[in-house]
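got a sequence here, can you build the structure:
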Amino acid sequence: MLYVAIGLVAAHATAAVASGGDRDPVLVIGGIAADQGTLESLRAWLGSQGYDAFAMVLLGNPSGTEAISDSAQAVANKVADIRQQTGARRVDLVGHSMGGLAQRDYVKFLGGLDSVGSYIDYGTPEQGDDLSSVCAGVSPGCRDMIPGSPFLTRLNADPAVPPGLIAYHLFSESAGAEKNPLPGATNASIQSFCPGRIVSHADEPVDGALRQLIDSALRGAPLATNCS
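Sure, this is the predicted structure:
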């Protein structure tokens with residue numbers, strides 16, 4: 001894909017490293033109607049790679065059905081809790097699907113910039129998704145994710161990513177609206193590394209190649225995967 005911009009991250013090799021040489025803790029954030037089993041699987045895998053990893057789902061039942069701005073406040077609260085618990089200055093964010101929109105709202109509008117190290121979203125429809133209209137009548141979160149909604153218009157106003165934030169948007173070409181790039185971020189598809197690989201939106205948290213891309217981004221290294 002044309003969106004791959006890998007070399008830019010090399011200069012930020014220490015960005016995901018907290019004071020004292022330890023890695024920042026990582027917060028994994030689920031999307032709308034998140035499968036908590038796959039979310040926990042990703043959190044546990046990051047733990048096996050040496051990260052102090054935490055996980056959360058968005059507000060609502062099912063998760064993500066409440067207004068995304070309310071979920072962004074929940075992200076803010078969780079980050080504050082993690083910082084207090086670990087003593088870390090910053091927390092790295094890894095948000096799937098709508099989770100990426102909530103974490104970006106937190107960073108842009110709720111004072112999160114100073115508390116976030118690396119920002120990674122994956123499978124996130126940065127410009128919204130027409131499929132959200134199916135549940136828009138009963139869910140504020142779905143209404144927020146309709147392309148052109150007041151929430152997305154505000155969120156995507158220039159700059160979409162605050163200056164100085166190390167940000168990545170990872171996506172699968174097998175999926176839909178998530179292929180739209182995030183201006184100001186390193187944009188890369190799984191298939192630009194693993195041609196022909198089929199990864200559905202739901203399977204992204206458990207895809208081995210995507211996990212390796214997330215890991216390399218968190219380490220501030222050039223994006224890489226062996227396509228396992």
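
okay, CA-based contacts and neighbour counts for the rest of this
Will do.

residue at max distance from the center of the chain?
Gly137 (26.0 Å; C-alpha atoms, centre = their mean).

separation between that residue and Ser149?
14 Å (C-alpha to C-alpha, to the nearest Å).

same question for Val28.
25 Å.

more crowded one of the two?
Val28 (25 against 15; other C-alpha atoms under 10 Å).

please verify my assumption that that one contacts Val94.
Yes - here Val28 reaches Val94: they are 4.8 Å apart, a contact under C-alpha atoms under 8 Å.

follow-up on the earlier one: where do the contact lists of Gly137 and Ser149 overlap?
Residues touching both Gly137 and Ser149 (C-alpha atoms under 8 Å, 6 or more residues apart in numbering): Arg143.

helices or strands next to the lengthiest helix in the chain in the packing?
Ordering each helix of the chain by length in residues (DSSP state H) puts helix 68-86 first. Applying 3 or more C-alpha pairs under 8 Å, 6 or more residues apart in numbering; DSSP states H and E, we find helix 68-86 packed against strand 91-96, helix 98-109, helix 140-144.

show me what counts as buried in it.
Residues of helix 68-86 classed as buried: 68-76, 78-80, 82-83 (neighbour count, 16 or more other C-alpha atoms under 10 Å).

check those and tell me the two furthest apart.
Ile68 and Arg83 (22.4 Å; C-alpha to C-alpha).

now do the contacts for Cys142.
Thr65, Ser132, Ser133, Cys135, Ala136.

per-residue confidence at it?
The model reports Cys142 with a pLDDT of 97.

now swap in Ala18 and tell me
37.

then Asn61?
95.

for the one 3 residues further on, same thing?
For Gly64, the model assigns a pLDDT of 96.

how much space separates it from Gln127?
In terms of C-alpha to C-alpha, Gly64 sits 17 Å off from Gln127.

looking at the two, which is more packed in?
Higher neighbour count among Gly64 and Gln127: Gly64, with 25 against 22, using other C-alpha under 10 Å.
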